[in-house]
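Colleague: here are the coordinates; sequence isn't available:
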């Protein structure tokens, strides 16, 4: 949920890029000059992770750069180390000897010891009077992260889910004793299975992930999302609030805020806007977080100008509960709808329209995570600014892909009503009435309670009357 990016070099100088690595809890140099990094809520399934990196150049124990992404830009510095996965709520890193570190699990009070000298790493979890020791080969860790590097390329860059699936299964064939890492890899296997449309297999894999590490909050989240996709909204809420409460986090947020946000979206999907508003009012969260939720609610209700007025100030305020791409999508969707439905206000909103156009274009061109959510909106601006042939072809292909992916992706299903309406408007503008009606009908079916569904019904009546 955090708009950050982290680059590291592996032993073979291959850059490893971590999108949304999470919160850095502790970054400092050890007694022997290693760069020690403790972080949580990273891309590997919201486990904590610890990286002791040896730096092959002296920096007098000061960080070489102010921001982590710049670490990858140095040509005369080599980072050597491995990532060690820990429970999801690890804090208070302490060096207790050469290559020996202790941590505390703030969620349940467990003590964690990590010894990483030699060919093996020993992870000891102390729960009361019981000790659980997990021994892993450094060579196996190295192989796993080499495979995971390929996995992320296939998954996020190439979009080849079949190859990504082969990679993740190969990683699971390597012997792993660390339950947190094993659970994280199982989670990623479930994600690929979802993308391949194997919902039952994915659900089984997520449950398997939880059997290895019961506090894997991402696997909890995906099980709840699967029930949402099936239309089992009450069960989805029950699972998120009661059954899997021991996971602690939800969507990388505290359990209260995360599950409240999930409940908020379910109520938007089922048309219970009054309950959605109650959730916002009762939530103990930062003002900007609540303002973003209010802005989203107003979008569903059709009050776009008021939504813009709430969302726009969050550009300058803290909105760390949402990724930057998410926030920009919320704002840009509202601006575009206001632009389409209230063109008489365009003279006052020219700069906002330019901003929305830039955000959709920027997200589509540069965000692996959010680009699919920007495609149809981006194509609308392409049509409006003259690239008619490209816009129509691009929009049609994107819409067909969206219809398929919305069956297995929570976000795409939630926002299908919006993208379908924009697609309908685009095709109406392009004089392709058949496709316009198809888009509007999909909007109505996707969320019949939204203001856009009523607008779509009206557009269908007008199109049938005139054509």
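Modeller: Ah, there it is. Just so it is clear, the structure is predicted and the values come from calculations on it, not from any experiment. Residues are numbered from 1 along each chain as shown.

Colleague: Run a quick neighbour tally on residue 283.
Modeller: 17 (other C-beta atoms under 10 Å). Just so you know, the C-beta spots here come from the backbone N, C-alpha and C atoms, and that holds for glycine as well.

Colleague: whoops, I mixed them up, residue 108
Modeller: 12.

Colleague: Am I right that it is in a helix?
Modeller: No. With DSSP: H, G, I helix; E, B strand; the rest coil as the criterion, residue 108 is assigned coil and is not in a helix.

Colleague: ok, it - contacts?
Modeller: When contacts are counted by C-beta atoms under 8 Å, 6 or more residues apart in numbering, residue 108 touches 89, 127.

Colleague: Can you tell me how far it is from residue 128?
Modeller: 10 Å (C-beta to C-beta, to the nearest Å).

Colleague: Could you do residue 294 as well?
Modeller: 45 Å.

Colleague: cool, residue 406 as well?
Modeller: Taken as C-beta to C-beta, the span from residue 406 to residue 128 is 46 Å.

Colleague: These two - which one has more neighbours?
Modeller: Neighbours per residue, other C-beta under 10 Å: of residue 406 and residue 128, the larger number sits with residue 406, 20 against 8.

Colleague: The more buried one touches residue 416, doesn't it?
Modeller: Yes. Using C-beta atoms under 8 Å, residue 406 is in contact with residue 416, at 4.7 Å.

Colleague: Give the intersection of the neighbour lists for the two.
Modeller: residue 446.

Colleague: Count the residues that sit near residue 386.
Modeller: There are 8 residues near residue 386, going by other C-beta under 10 Å.

Colleague: what about it, which SS state?
Modeller: coil.

Colleague: just checking, residue 116 touches residue 84?
Modeller: Yes. Contact criterion C-beta under 8 Å: residue 116 and residue 84 qualify, at 6.8 Å.

Colleague: what touches both of these two?
Modeller: Joint contacts of residue 116 and residue 84 (C-beta under 8 Å, 6+ apart) do not exist.

Colleague: Break down the protein into its strands, ranges please.
Modeller: 5-9, 15-19, 23-29, 35-40, 48-55, 79-80, 84-86, 90-97, 100-105, 111-115, 120-127, 130-137, 249-250, 253-254 (DSSP state E).

Colleague: Could you point out which of the ones you listed sits nearest residue 393?
Modeller: strand 15-19 (29.4 Å; C-beta to C-beta).

Colleague: Quick check: mean pLDDT of that closest one?
Modeller: Averaged over strand 15-19, pLDDT sits at 54.

Colleague: same deal with stretch 407-415?
Modeller: Mean predicted lDDT for stretch 407-415 stands at 96.

Colleague: Do a quick rundown of the helices in the stretch 151-300 of the chain.
Modeller: Along the stretch 151-300 of the chain, the segments classed as helices by DSSP state H, counting those that start in this stretch run 161-173, 179-195, 199-212, 217-229, 233-238, 255-269, 273-282, 287-301.

Colleague: For residue 453, find the nearest of the strands of the chain.
Modeller: Closest among these, using C-beta to C-beta: strand 249-250, at 28.4 Å.

Colleague: Just the residues contacting the closest one, thanks.
Modeller: 41, 46, 88, 217, 220-221, 240, 255, 257-259, 261-262.

Colleague: switch the cut-off to 6 Å
Modeller: 217, 221, 258, 259 (C-beta atoms under 6 Å, 6 or more residues apart in numbering).

Colleague: Also stretch 223-239?
Modeller: By C-beta under 6 Å, 6+ apart, stretch 223-239 touches 203, 206, 240, 263, 266, 270, 410, 413.

Colleague: quick one on the thing from earlier: will you turn the strands of the chain into CSV that also has distance to residue 445?
Modeller: CSV is the format used below for the strands of the chain (distance: least, C-beta to C-beta, whole Å):
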stretch, distance to residue 445
strand 5-9, 37
strand 15-19, 33
strand 23-29, 40
strand 35-40, 40
strand 48-55, 42
strand 79-80, 51
strand 84-86, 42
strand 90-97, 45
strand 100-105, 46
strand 111-115, 49
strand 120-127, 49
strand 130-137, 49
strand 249-250, 28
strand 253-254, 30
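
Colleague: got the helices of the stretch 151-300 of the chain as JSON lines, with mean neighbour count and mean pLDDT columns?
Modeller: Compiled in JSON lines, those are given as follows (neighbours: other C-beta atoms under 10 Å; pLDDT from 0 to 100):
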{"stretch": "helix 161-173", "mean neighbour count": "18", "mean pLDDT": "95"}
{"stretch": "helix 179-195", "mean neighbour count": "25", "mean pLDDT": "94"}
{"stretch": "helix 199-212", "mean neighbour count": "18", "mean pLDDT": "96"}
{"stretch": "helix 217-229", "mean neighbour count": "24", "mean pLDDT": "94"}
{"stretch": "helix 233-238", "mean neighbour count": "16", "mean pLDDT": "94"}
{"stretch": "helix 255-269", "mean neighbour count": "21", "mean pLDDT": "93"}
{"stretch": "helix 273-282", "mean neighbour count": "15", "mean pLDDT": "96"}
{"stretch": "helix 287-301", "mean neighbour count": "21", "mean pLDDT": "95"}
